[in-house]
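1. build the 3D model from these lines:
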Amino acid sequence: MKPMPTPRRLRGFVMIYALGVLIFITVIALSLAYVLRLDAKLVNHEKTAIKTEQALRGALHYTLAELAKARALKPLLDSGQTVQTPLWSTEAGPYQVRLDDIDITIDFARVNPDINLATREVLARLLLYLGAQNMTEAEHYADIIIAARDKVDPNQVAKQAAAGGQTSASPGSTGPGGTNPPTPNPAAAAPAGGTPPQTAAPPQAASPTAAGAPAPNTAAKGFSRIEEVLALDAIPLPLRNGTRPAKKDSGIEAEAPKPGLAQLFSVATGTRGLDVNRADLALVAAYSNAPLEKLIDFDRKRRQKPMTPDEGAALLGDGAKGIFAPANTATVQLKLVSTNPLYPAVAEAVVDPNAAPAPGRIIRFTMQPLAQAEQPGGAHSRDSGP
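-> Residues are numbered from 1 along each chain as shown. Below you'll find the model as predicted:
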């Protein structure tokens, strides 16, 4: 028979038990406090995100109202009368709007073409301008892009191009008459530095699809996000992301920065035509295949005053027919950036300011990752309607 524990031993057991209970309660209390603090941070983050998004939406509606006001006062200006308040224009900007404690910059961005609709020849000429060593290398990179886009073998793309067949299964990837134009002669290609070839087959004529209009859902192939293009490691990083200005020892800029695929193309928007007044000159060179002197003259004249698509095509030659979006397109693309560090956000929108009822209609409003703040052709993190 075991002896009964002494009172001293009983007191030791009670103390150990009490300490265990206190430790358990302390752990539970600390865990609960941590969870509550985390929940408070999440609620505050969600509150900030919602406030910022609503502020950007408010700035977008304000932009539509300003454009409607400018459109309503245009007859007065045409008659010679003056207006005290400055009127907004899609050809000017950027503009600043302050809503509560959030400062928002609104810029009318250039409308980039959809890379899913670009032909092999356009991609090759563009990559040559951006820094590929020669046309053979540029065509190799173009084959990689088309193969990843259309889910085919890169060698098959090159063979189909050599045979004169169709190189892409994406909508709009064929040239006039349903076939791709012949591959340019590499010997006639420009050196890496930007001079486009003087003679080559005319590029694909762009469809009169309005800039920013959604692409018809006719094929499951194609890129859905710009990250898919940026993940093509076989293509040099400067061609994908662009280059920064190179500086000499004295700090003087030695070489101007060049854009990359991420800055020049959009993804899954269905945009075919270029913006004649805002499109990057590299895109104009790749799509039109115009001589260097015509490109320089075109860029100089569009800087002097806005021009129509017909005027731009006339300056560039026969290869530029149909590459610009129609002048009467109703859609306008905007970029909205919150410059307040407490409410960082970037959004893009496509609006139709002429749609009824006034002041217009929001076709698409898209929140972007902050990393894409300086990349107009960047990816979208969340897409929502008006």
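2. which element, helix or strand, includes His12?
-> If you look again at residue 12, you'll see it is Gly, not His. In the assignment (DSSP states H and E), Gly12 maps to helix 7-78.
3. what comes up buried for the very next helix or strand once past that helix?
-> As assigned by DSSP H and E, the chain's next helix or strand after helix 7-78 is strand 95-99. For strand 95-99, the neighbour count (16 or more other C-beta atoms under 10 Å) marks 95, 97, 99 as buried. For every residue, glycine as well, the C-beta is placed using N, CA and C.
4. what sits against the second one?
-> Just to be clear, that refers to Val97. Shown in contact with Val97 (C-beta atoms under 8 Å, 6 or more residues apart in numbering): 59, 62-63, 103-104, 106.
5. what's the farthest-apart pair in these?
-> Greatest spatial distance in the contacts of Val97: Thr63 and Asp103, 14.7 Å, computed using C-beta to C-beta.
6. and the two? Which one has more around it.
-> Neighbours were counted for Thr63 and for Asp103 using other C-beta atoms under 10 Å; Thr63 has more, 27 against 16.
7. wait, the more buried one sits on Gly93?
-> No. Applying C-beta atoms under 8 Å as the test, Thr63 and Gly93 come out as separate, 9.6 Å apart.
8. touching both of those two, which residues are there?
-> Ile106.
9. just want to check the distance between Glu137 and Leu130.
-> Counting by C-beta to C-beta, to the nearest Å, the gap between Glu137 and Leu130 amounts to 11 Å.
10. revised request: answer the last question for Pro238.
-> From Pro238 to Leu130 the distance is 7 Å (C-beta to C-beta).
11. higher neighbour count, Glu137 and Leu130?
-> Taking other C-beta under 10 Å, Glu137 and Leu130 do not tie; Leu130 has more neighbours (24 against 17).
12. count residues in the vicinity of Asp352, would you?
-> When neighbours are counted by other C-beta under 10 Å, Asp352 registers 18.
13. bridging residues for it?
-> Counting by DSSP bridges, Asp352 is bridged to Arg361.
14. what of Gln368?
-> On the basis of DSSP bridges, Gln368 takes part in beta bridges with Val346.
15. check whether it really touches Ala349, as I assumed.
-> No. Under the criterion of C-beta under 8 Å, Gln368 makes no contact with Ala349, lying 10.6 Å away.
16. out of the two, which sits in the busier spot?
-> The residue with more neighbours, out of Gln368 and Ala349, is Ala349; 24 against 21, by other C-beta under 10 Å.
17. ok, now which ones touch that one?
-> Here Ala349 is in contact with 60, 333-334, 336, 362-366 (C-beta under 8 Å, 6+ apart).
18. kindly report the same for Gln156.
-> Contacts here follow C-beta under 8 Å, 6+ apart; on that basis Gln156 touches Ala147.
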